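> Fold the following for me, if possible:
(one chain, ligands or ions: 1)
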Amino acid sequence: MQLRTDKLSVVLSGRTVLRDVSLALASGQVVGLLGPNGAGKSTLMRAIAAQTAFSGIIALGDDDLARLSPAARARLLAYLPQTRIIGWRLSVRDLVALGRLPWRAFGARPSPEDAAVVDHALGLMDVAHLADRPANELSGGEQARVLAARAVAQATPLLLADEPASGLDPAHQMMLMQALRRLAGEGRAILVSLHDLTLAARWCDRVILLKDGRLVADGLPEAELTPQRLAEVYGVTAHIARDEGGIILAPTGLTGRRLP
Ligand SMILES: Nc1ncnc2c1ncn2[C@@H]1O[C@H](COP(=O)(O)OP(=O)(O)OP(=O)(O)O)[C@@H](O)[C@H]1O
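Reported below is the predicted structural model:
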């Protein structure tokens with residue numbers, strides 16, 4: 001199933017924070033959404049997830065997302081927001097199981113399939129050993145993985161994940177990206193915003209770069225994440241190395257801007 005946006009724009013408090021963003025994302029792809037703070041990454045995801053008003057078109061397959069009911073939308077796309085605070089005292093398993101609600105009739109009991117999908121999501125995000133703990137008592141990175149597992153359990157063709165790697169230790173960052181690749185391999189389309197350029201370069205099929213609300217690059221990581229592009233978009237110099245897993249990008253300094 002393909003996600004397509006056409007001339008997507010968002011105005012917030014009188015400011016255009018996303019301007020004419022047109023992109024396409026197909027099943028089986030992990031696409032990295034990159035750009036500096038304030039570039040519009042979260043706004044783009046929020047618009048696709050119908051959490052903010054927009055102009056332009058957002059279509060998923062043959063469906064115009066703006067015309068779908070919230071229930072129908074919840075069976076097509078899962079959205080993992082950047083803010084990750086768990087306020088309720090629910091067990092990890094019960095919280096992840098909330099991801100199954102869009103698939104059940106009101107009041108129906110969870111099916112064996114629901115339980116299997118929840119177990120799979122707990123395993124993918126390496127939180128199965130925490131299943132019986134109250135989710136709000138976990139560490140920040142653990143809570144982040146629990147919320148990612150809930151989004152995975154929603155089992156939608158499209159997954160939008162806003163900075164899911166932030167706050168995770170290196171091993172869990174790798175596991176997360178591996179899990180996203182696995183989900184894409186099962187036929188999902190995944191849009192994931194990242195600030196770690198090496199993670200994006202090594203794990204994403206494609207990267208989309210935003211700057212000041214505009215799409216400034218869309219293509220293969222190795223083609224787009226060049227020193228010149230990183231200087232233009234982020235204002236950093238970078239060292240680029242290569243090994244058998246792909247490229248490694250280490251920001252080394254600022255190009256021009258200096259702190260006062
Ligand atoms: N409610 C709002 N009213 C006005 N401007 C807003 C509002 N919410 C966000 N913005 C602005 O929209 C722009 C894009 O914000 P957004 O959160 O999409 O950026 P981002 O690329 O996700 O950044 P980050 O990497 O810091 O998460 C920013 O300039 C931000 O200040």
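
> For Ala105, the count of nearby residues, please.
Neighbourhood size, Ala105 [other CB atoms under 10 Å]: 6. Where you see a C-beta, it was placed from the backbone N, CA and C, and this is true even at glycine.

> Identify the residues contacting Ser111.
Shown in contact with Ser111 (CB atoms under 8 Å, 6 or more residues apart in numbering): Arg104.

> tell me the phi and psi of it?
phi -90, psi 170 (degrees, to the nearest 10).

> contacts for stretch 4-12?
So stretch 4-12 is contacted by 16-25, 40, 43-44, 47-48, 52-60, 213 (CB under 8 Å, 6+ apart).

> That stretch: which residues count as buried?
Neighbour-count burial for stretch 4-12, counted by 16 or more other CB atoms under 10 Å, picks out Arg4, Thr5, Leu8, Ser9, Val10.

> Mind putting those residues into CSV with distance to the ligand, secondary structure and pLDDT?
Shown next, in CSV, are the buried residues of stretch 4-12 (distance: CB to the nearest ligand atom, whole Å; DSSP: H, G, I helix; E, B strand; the rest coil; pLDDT from 0 to 100):
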residue, distance to the ligand, secondary structure, pLDDT
Arg4, 20, strand, 97
Thr5, 14, strand, 98
Leu8, 12, strand, 98
Ser9, 12, strand, 98
Val10, 8, strand, 98
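
> rewinding a little: among the contacts of stretch 4-12, name the ones in strands.
Counting by DSSP state E, the part of the contacts of stretch 4-12 found in strands is 16-25, 55-60.

> Name the nearest of those relative to Gly140.
Nearest to Gly140 among these: Val17, at 27.2 Å, using CB to CB.

> how much space between that closest one and Ala47?
10 Å (CB to CB, to the nearest Å).

> higher neighbour count, those two?
The neighbour comparison of Val17 against Ala47 (other CB under 10 Å) goes to Ala47, with 25 against 19.

> Going by neighbour count, list what's buried in the longest helix along the chain.
Longest helix of the chain, by residue count under DSSP state H: helix 170-185. Buried residues in helix 170-185, defined by neighbour count with 16+ other CB under 10 Å: His172, Gln173, Met175, Leu176, Met177, Ala179, Leu180, Leu183, Ala184.
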